[in-house]
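Asker: just to be clear, the model below is a prediction. Sequence and coordinates:
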Amino acid sequence: LLRSPAGAAVAAGYDLVLVDEYQDTSRIQQAILDALARRCELFGVGDEKQSIYRFRYADAAVFRELRGASATYPLSGSFRSRPEIVSFVNDLFRELFAGGTVEAQDLRSEREWRPKEAPCVQVVAPEARNAAKGRRAEARALARHLRDVVEEGRLRRTAGDAEDRPLRYGDCAILLRAMTGLLEYERALADAGVPYVVWQGRGYYAAREVVDLAQLLLLLHDPHDTYRAVAAMTSLLCGVPDGDLLHLQGKAPLPLRVLSQPRPDAVPADRWDKLRLFAERFGRWREQMGRLETGDLVEAVLKETRFADLLLLEPDGRRRYANLMKALRRARATADDPATYARTLLEFREREMRESEAPIAAEDDDAVKVMTVHAAKGLEFPLVAVADLGPDVHGRGGAILSADGRFAFKLRDGTAEPIKPPGYQELRDVDKEQERDERRRLLYVAFTRAQEHLVLSGARLERTNGVLAMLLQPRPGVEIVDAAPLTAPDERRRRHA
C-alpha cells in the first residue's frame, strides 16, 4: 500500500514517526515503517530484554538492527524497583543472557525508598517427586507464604511516596508463564483463605461467558447449527457434558431432540432433566425472538437460566458476573437484532479487539491478582510472586516458520521415526535458540514488575534445572523460604493492625 501513489500521499503527511515498544515489531510491520522512513524521520523506543511476543511473529532482531544503524540514547534508570531488586536482576540476567543474542544492560534504582530490614527477594521451593505433584506443592507453599506475609504483617510499604503501612493482599500479584496451570493455584489460594482475582488478559470479547451468550443467540437464529448447540448446551446455560449430547437422536435440532425420546441409560436422570428444561426454554425463546428487543431477550435468558448467578460460584466469579452484566447493558443499548449483536461480539473476538473486562472492584480492592506475564507487561506491584519456575518447558516439535519466511516440517511414512527434510534441523536449531532466549526475556519482564518485594517459586524435583537451580545457589540478599505444608484456613493468624 505504501508503495502505491495513495500510500505515498499518506506517508507524505508525516515528518516524524515515533514507535513505542519497538522490540515487539515484526518483519511485516518493519516493512511498513521502512516505507514511511524513506520520507520522514523514525524514532524508536524499546528494550530488547522485554521482547516477549514471538508467537505473534515479533522479532527482537528488528530492534537490534535499528539500534545498530541509528544514533542511540541509552536509558538505564529504574523508577520502579528497590535497589536490592535491581541489583539482583542485574546479576542474575547477566548470567542468563550470557552466550545468547540478548545484550545485558545493568539498571540503577532512581526512586526514593524507606529502609527495609527483610530480604527483598525470596525463593519458595518445596520438594516433590514429579512435575504434577510439584506444581501442587508449590502452589500450596506459595499461597501459605503470601497468607503469612499479609496476615502477620511481615512486610510494610517502603516506597518514599507511598503510605507507611503493612502490605495488603491487593498489593500482591502472582505471575504465571501460561494459564494452563491456573486451577492448581486457584485451589491453593482458596484453601488458604487468600482472596484473589484472575486477570484474563485476553479482554472482554474473549471472555468465556460473553462467547457462550453469543453462541446461544446465534443458535436461536439457526437451531440446526450443531457447533453452536454443543457450545451453548455444555456451558452453564444448560450444564451437561458433551458426552450426553451424543445420545440425542433424531432429525430435530439438537436442543429439541430430548423432547421426542426417552432417557438413555447412559444419561443420569438429573442431567436429562437439565436437557428437557433447556429444550422447553429454547422453544420459548425462539417464539419471543421476533417480538422482544435484543436486550429484553438477553435479560429473559439470564433470568430463566440464572446464568449470571451461577457464574458467581465459579473461579473468578465476580469478574465473570460483571462481564455478563456488561453484555446485558450492551444488548439493551443496541439497535441490532440478537443474531447481529452476537455476530459482532464474536467478530471482535476473532479480530482480537482488546477491551477491558468489566471491573469488579476499585484498584485498591484487597485481593491478590493472578495473571500471565504477558498480561502484566507495563504493570507494577509492591509484591510480585513469579510462579511455576520448575523444570524448563521445551518447545514444540511441529512445523517451523522462521522470521525470514522459511518453512519446515517433519514427515511421517508409518515408521517410528519421522522424516526430517533437508533444512529442517537447521531451522529447528535456530528456533530452539530463539525460544530459549524468549523464555529468558519472559522471566526478565516478570521479575522487573516488582517494586518492593519479589517472591520466586518452583518445585524442586530430583533433577532441578533451569533458572530455579540458579536461584537455589547462595546469592546475596536472597532468602530460601521454608516450604512447610499448609495449615488449615481456620488456623490463620489475624493481620497485624
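Answerer: Received the coordinates, thanks.

Asker: okay, strands next: where are they in the stretch 101-250 of the chain?
Answerer: In the stretch 101-250 of the chain, the strands defined using DSSP state E, counting those that start in this stretch lie at 108-109, 121-124, 172-176, 196-198.

Asker: tell me who's in contact with Glu287.
Answerer: Under the criterion of C-beta atoms under 8 Å, 6 or more residues apart in numbering, Glu287 has no neighbours. Backbone N, C-alpha and C define where each C-beta goes, glycine included.

Asker: gap between it and Ala335?
Answerer: 22 Å (C-beta to C-beta, to the nearest Å).

Asker: one step back: can you put the strands of the stretch 101-250 of the chain in a markdown table and add mean neighbour count and mean pLDDT?
Answerer: Below are the strands of the stretch 101-250 of the chain laid out as a markdown table (neighbours: other C-beta atoms under 10 Å; pLDDT from 0 to 100):
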| stretch | mean neighbour count | mean pLDDT |
| --- | --- | --- |
| strand 108-109 | 14 | 94 |
| strand 121-124 | 22 | 96 |
| strand 172-176 | 25 | 96 |
| strand 196-198 | 22 | 83 |
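
Asker: TSV for those strands, including distance to Glu417?
Answerer: Output for the strands of the stretch 101-250 of the chain, formatted as TSV (distance: least, C-beta to C-beta, whole Å):
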stretch	distance to Glu417
strand 108-109	52
strand 121-124	41
strand 172-176	35
strand 196-198	42
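
Asker: now for these, which one comes closest to Arg449?
Answerer: strand 172-176 (6.6 Å; C-beta to C-beta).

Asker: got the angle for the top helix by length along the chain vs strand 172-176?
Answerer: Secondary structure of the chain per DSSP state H: the longest helix is helix 424-447. On the basis of axes from the mean of the first three to the mean of the last three C-alpha atoms, to 10 degrees, helix 424-447 is oriented at 180 degrees to strand 172-176.

Asker: chain center to helix 424-447, what's the gap?
Answerer: Taking C-alpha atoms, centre = their mean, to the nearest Å, the mean C-alpha location of helix 424-447 is offset from the chain mean by 19 Å.

Asker: please apply the same query to stretch 229-243.
Answerer: Chain-centre distance of stretch 229-243: 25 Å, with C-alpha atoms, centre = their mean.

Asker: which regions of this protein lie under the pLDDT threshold?
Answerer: Counting by pLDDT under 70, the ranges of the chain that qualify are 1-3, 7, 200-205, 315-316, 350-364, 391-398, 401-405, 413-416, 482-497.

Asker: show me what the longest helix of the chain is packed against.
Answerer: Here helix 424-447 touches helix 83-96, helix 373-376, strand 381-386, strand 400-401, strand 407-408, going by 3 or more C-beta pairs under 8 Å, 6 or more residues apart in numbering; DSSP states H and E.

Asker: report the buried residues of the longest one.
Answerer: Which is helix 83-96. Using 16 or more other C-beta atoms under 10 Å as the test for burial, helix 83-96 gives Pro83, Glu84, Ile85, Val86, Ser87, Phe88, Val89, Asp91, Leu92, Phe93, Leu96.

Asker: ok, the spatially most central residue of the chain to Leu213 distance?
Answerer: Nearest to the mean C-alpha position of the chain, counting by C-alpha atoms, centre = their mean, stands Thr372 at 3.8 Å. To Leu213, Thr372 is 24 Å away according to C-beta to C-beta.

Asker: swap in Arg114?
Answerer: Applying C-beta to C-beta to Arg114 and Leu213 gives a distance of 49 Å.

Asker: backbone phi and psi for Glu41, please?
Answerer: The phi/psi pair for Glu41 (degrees, to the nearest 10) reads phi -90, psi 140.

Asker: isn't the residue nearest to the centre of the chain right next to Thr180, touching?
Answerer: No: using C-beta atoms under 8 Å, Thr372 is not in contact with Thr180; the gap is 10.1 Å.

Asker: one step back: which residues touch the residue nearest to the centre of the chain?
Answerer: If you count contacts by C-beta under 8 Å, 6+ apart, then Thr372 has Leu175, Leu176, Arg177, Ala178, Met179, Gly201 around it.

Asker: returning to what we had before: how about the helices and strands packed on helix 424-447 in TSV, adding distance to Glu110?
Answerer: Listed next are those as TSV, based on distance: least, C-beta to C-beta, whole Å:
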stretch	distance to Glu110
helix 83-96	9
helix 373-376	21
strand 381-386	17
strand 400-401	41
strand 407-408	46
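
Asker: Ala367: which of these is closest?
Answerer: Closest to Ala367 of the helices and strands packed on helix 424-447, according to C-beta to C-beta: strand 381-386, at 12.3 Å.

Asker: relative orientation of that closest one and strand 172-176 in degrees?
Answerer: Between strand 381-386 and strand 172-176, the angle comes out at 30 degrees (the same axes, to 10 degrees).

Asker: contacts for stretch 102-116?
Answerer: Contact partners of stretch 102-116, identified using C-beta under 8 Å, 6+ apart, comprise 48-49, 60, 74, 76-86, 89-90, 93-94, 97-98, 156, 158-161, 164, 437, 440-441, 452.

Asker: cool, and stretch 156-164?
Answerer: Stretch 156-164 has contacts (C-beta under 8 Å, 6+ apart) with 82, 111-116, 165-167, 171, 382, 451-452.

Asker: now those: which count as buried?
Answerer: Neighbour-count burial (16+ other C-beta under 10 Å) applied to the contacts of stretch 156-164 gives Arg82, Arg111, Trp113, Pro166, Leu167, Asp171, Pro382, Gln451, Glu452.

Asker: of the residues you listed, which is the nearest to Leu254?
Answerer: Asp171 (48.6 Å).

Asker: I'd say Leu328 and Ala300 touch.
Answerer: No: counting by C-beta under 8 Å, Leu328 sits too far from Ala300 to count as a contact (10.8 Å).

Asker: taking helix 83-96 as reference, get the angle to whichever strand in the chain runs longest.
Answerer: Counting residues, the longest strand found in the chain (DSSP state E) is strand 450-457. On the basis of the same axes, to 10 degrees, strand 450-457 is oriented at 50 degrees to helix 83-96.

Asker: how many neighbours does Gln384 have?
Answerer: Rather than Gln, residue 384 is Val. 27 (other C-beta atoms under 10 Å).

Asker: could I get the buried residues of helix 83-96 as CSV with distance to Val267?
Answerer: Output for these, formatted as CSV (distance: C-beta to C-beta, whole Å):
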residue, distance to Val267
Pro83, 63
Glu84, 60
Ile85, 56
Val86, 60
Ser87, 62
Phe88, 57
Val89, 56
Asp91, 60
Leu92, 55
Phe93, 56
Leu96, 54
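
Asker: where along the stretch 251-400 of the chain do the helices fall?
Answerer: Taking DSSP state H, counting those that start in this stretch to define them, one finds helices in the stretch 251-400 of the chain at 269-289, 294-305, 307-311, 317-333, 338-350, 373-376.

Asker: wait, which of the ones you listed is closest to Ala132?
Answerer: Of all those, helix 373-376 comes closest under C-beta to C-beta, at 22.0 Å.

Asker: quick one on the thing from earlier: which of the buried residues of helix 83-96 sit farthest apart?
Answerer: Farthest pair in the buried residues of helix 83-96 (C-beta to C-beta) is Pro83 and Leu96. Separation: 20.1 Å.

Asker: count the neighbours of Glu380 for me.
Answerer: Number of residues near Glu380 (other C-beta under 10 Å) recorded here: 15.

Asker: check contacts around it.
Answerer: Neighbours of Glu380 in contact, by C-beta under 8 Å, 6+ apart: Arg80, Arg449, Ala450, Gln451.
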